[in-house]
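J.: using only what follows, build the 3D model:
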Amino acid sequence: MNKSWAAIKAITYHLPDQKLTNEQLAQEFQEWVVEKIYEKTGIAERRVAAADECASDLGVIAAEKLFASGACSPQDIDFLIFCTQTPDYFLPASACLMQEKLGLSTCCGAFDVNLGCSGYIYGLALAKGLIEAGLSQNILLITGDTYTKLIHPKDKSVRTLFGDGASATLICGNAYKECIGPFIFGTDGRGAEKLIVPAGGFRKPLGPEMIIEIQDTSGNIRSPKNLYMNGPDILNFTLREVPKAVNELLLKNNMTTNDIDYFVFHQANKFILESLRKKINLPKDKFLLNLEYHGNTVSTSIPLLLSFALNNKIIYKGNKILLSGFGVGFSWGACLIEII
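T.: So this is what the prediction gives:
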């Protein structure tokens, strides 16, 4: 019996309607000007979910777009993986709610993955493993996050960066060759407190002391229930680990950067991405950027860029693409893909 390899067959995405522009931010933070925000981040506007709109809602719409494209029908899906750090509830898993909303079969497996910026890489690995172990045939990998709900409105250190969004990827098991992989993974929990929402879980339950707002030395205001990021330490971690992971992945596959058609990295911000590109010595025309009009969408940034590039004839089927995700955890991963 011939092996059934996993392959990406279709990718769609969805962004909420509301926008947060640099002009709006400059009005709120008087010490900033529009040009300065763009220069530092490479972002002109971010998408913001409505008050009653959850990450799972965005993910459902992304999946419905995938079904409407004709790539497959809901009944074809036998496994749903939802990557998010902003679930509807502590329990049940948001994936279970999405199974019902999307009309997937009750014979469909479904679970959540709590990972951020590296989540799409890990999701692809899980999908590949399920398919190539013979446990599944058609997997719907959905990413979705609403980080803007975690951000204090007066914390300009993160408010300028993050936007909300979701993606849906169809991964099937009928490829004639390996189209996803190999993979490189990494974790360093010593960096957990560098990008964190300290309060709200069982380690630090929400109470009166957890909603007290504090102003830091840079003038940013937040409470322990809000997102905190140590930007300089995130940059140092990224420049330390991501180039090593990329080089290790190329070595593992007996390739050089010349053998790769495109590099698609997590769209953190322009400064980090340009620093990575220079350190790994990647040509600009192979290093794709796409965060100007939606910001850092966490687990959705890689599939969003892939979908955009495919739809706009930048990436073509058959191209060899190196993906790399990195961030909260600290967690990172890299893999090779070929879309067929």
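J.: all contacts plus neighbour counts: C-alpha atoms, from now on.
T.: Fine.
J.: care to break the protein down by domain?
T.: According to automatic domain parsing, the chain comprises the domains 5-176, 181-338.
J.: which stretches of the stretch 201-340 of the chain form strands?
T.: Along the stretch 201-340 of the chain, the segments classed as strands by DSSP state E, counting those that start in this stretch run 214-215, 221-222, 228-229, 262-265, 320-327, 331-338.
J.: let me know the angle separating the fifth one from strand 331-338.
T.: Relative orientation of strand 320-327 with respect to strand 331-338: 170 degrees, computed using axes from the mean of the first three to the mean of the last three Cα atoms, to 10 degrees.
J.: helices of the stretch 101-250 of the chain, residue ranges please.
T.: Using DSSP state H, counting those that start in this stretch, the helices of the stretch 101-250 of the chain run over residues 119-132, 156-159, 231-252.
J.: out of the domains of the chain, deepest packed?
T.: domain 5-176 (a mean of 20; mean count of other Cα atoms under 10 Å).
J.: that one: how far from the chain's middle?
T.: Relative to its chain's centre, domain 5-176 lies at 7 Å (Cα atoms, centre = their mean, to the nearest Å).
J.: that one: end-to-end distance?
T.: This stretch, domain 5-176, spans 6 Å end to end (Cα to Cα, to the nearest Å).
J.: so what pairs up with the closest residue to residue 81 other than its chain neighbours in the strands?
T.: Residue nearest to residue 81 in three dimensions, not counting chain neighbours: residue 141, with 4.9 Å by Cα to Cα, 6 or more residues apart in numbering. Beta-bridge pairing of residue 141 under DSSP bridges involves residue 81, residue 169.
J.: OK, contacts around residue 141?
T.: When contacts are counted by Cα atoms under 8 Å, 6 or more residues apart in numbering, residue 141 touches 80-83, 123-124, 127, 168-171.
J.: from residue 172, how far out is it?
T.: Distance of residue 141 to residue 172, computed by Cα to Cα: 11 Å.
J.: now swap in residue 216 and tell me
T.: 48 Å.
J.: returning to what we had before: let me know the closest of the contacts of residue 141 to residue 106.
T.: Closest to residue 106 out of the contacts of residue 141 is residue 80 (11.3 Å), distances taken as Cα to Cα.
J.: can I get the strands of the stretch 201-340 of the chain in CSV including mean pLDDT?
T.: As requested, those are arranged in CSV below (pLDDT from 0 to 100):
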stretch, mean pLDDT
strand 214-215, 95
strand 221-222, 96
strand 228-229, 98
strand 262-265, 98
strand 320-327, 98
strand 331-338, 98
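J.: nearest to residue 157, out of those?
T.: In terms of Cα to Cα, the element of the strands of the stretch 201-340 of the chain nearest to residue 157 is strand 228-229, at 7.7 Å.
J.: ok, and what's touching the closest one?
T.: Judged by Cα under 8 Å, 6+ apart, the contacts made with strand 228-229 from elsewhere in the structure are 157-158, 194-198, 222.
J.: can we see that at 7 Å?
T.: Contact with strand 228-229 is made by 194-197, as judged by Cα atoms under 7 Å, 6 or more residues apart in numbering.
J.: same question, stretch 25-44
T.: Stretch 25-44 is touched from outside by 21-23, 161, 269-271, 291-293, 295, with contacts defined as Cα under 7 Å, 6+ apart.
J.: got a list of what the closest residue to residue 107 other than its chain neighbours touches?
T.: If you skip the residues right next to it in sequence, residue 107 has residue 78 as its closest partner in space, 6.8 Å away by Cα to Cα, 6+ apart. In this structure, residue 78 makes contact with 107-109, 136-139, judged by Cα under 7 Å, 6+ apart.
J.: residue 213 and residue 225 touch, don't they?
T.: No. Look at residue 213 against residue 225 with Cα atoms under 7 Å: they stay out of range, at 9.4 Å.
J.: which residue is nearest the middle of the chain?
T.: The centre of the chain sits closest to residue 299, judged by Cα atoms, centre = their mean, with a distance of 1.4 Å.
J.: what pLDDT does that residue get?
T.: The model reports residue 299 with a pLDDT of 98.
J.: contact partners for it?
T.: The neighbourhood of residue 299, defined by Cα under 7 Å, 6+ apart, consists of 116-120, 143-144.
J.: please name the nearest non-neighbouring residue to it.
T.: Leaving aside its chain neighbours, residue 299 sits nearest to residue 117 (4.7 Å; criterion: Cα to Cα, 6+ apart).
J.: state the distance from that neighbour to residue 334.
T.: In this structure, residue 117 lies at 12 Å from residue 334, with Cα to Cα as the measure.
J.: between the two, which contacts overlap?
T.: By the contact definition Cα under 7 Å, 6+ apart, residue 117 and residue 334 are jointly contacted by residue 325.
J.: before we move on, the earlier item: the helices of the stretch 101-250 of the chain: which one's closest to residue 13?
T.: For the helices of the stretch 101-250 of the chain, distance to residue 13 was read as Cα to Cα. The smallest value, 13.1 Å, belongs to helix 119-132.
J.: quick check: mean pLDDT across the closest one?
T.: Helix 119-132 comes out with an average pLDDT of 98.
J.: which of the contacts of strand 228-229 sits closest to residue 49?
T.: Nearest to residue 49 among these, counting by Cα to Cα, is residue 197 at 18.6 Å.
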